[in-house]
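# I need the structure of the sequence given here:
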Amino acid sequence: MALQVPVVAVASGFGPLLLAGLVYAMVLAVPAMAIAAAAGALRRRLHGMA
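This is a model prediction of the structure:
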């Protein structure tokens, strides 16, 4: 996601929709990251890893 912002900014320019797009991307990314972190923690717990 970090490299997506400069590419979009160069391709379409800086505008009000860029901020809206960033917020939308974060809203979609944060729950996915939380689920992945929880699944990793559960896997470590079930497989006895520290």
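
# Give me the pLDDT value at Leu46.
Note for Leu46: predicted pLDDT of 92.

# now swap in Gly40 and tell me
Per-residue confidence (pLDDT) for Gly40: 94.

# That one: which element?
Under the assignment given by DSSP states H and E, the secondary-structure element containing Gly40 is helix 16-46.

# Averaging pLDDT per element, find the lowest-scoring helix or strand in this protein.
Within the chain, no helix or strand scores below helix 4-12, which has a mean of 79 by mean pLDDT, DSSP states H and E.

# picking that back up, so what secondary structure elements neighbour the helix holding Gly40?
helix 4-12 (3 or more CB pairs under 8 Å, 6 or more residues apart in numbering; DSSP states H and E). (C-beta placed from N, C-alpha, C; glycine too.)

# Buried residues, the helix it packs on. List them.
By neighbour count, and taking 16 or more other CB atoms under 10 Å as the criterion, the buried residues in helix 4-12 are Val8.

# Not counting that helix itself, show me its contacts.
18, 21-22, 25 (CB atoms under 8 Å, 6 or more residues apart in numbering).

# From those, list just the buried residues.
Buried positions within the contacts of helix 4-12, assessed by neighbour count (16+ other CB under 10 Å), are absent altogether.

# picking that back up, and the angle from the least confident helix or strand of the chain to helix 16-46?
Angle between the axes of helix 4-12 and helix 16-46 is 160 degrees (criterion: axes from the mean of the first three to the mean of the last three CA atoms, to 10 degrees).

# Any figure for the gap between Gly40 and Leu46?
Separation of Gly40 from Leu46 (CB to CB, to the nearest Å) stands at 11 Å.
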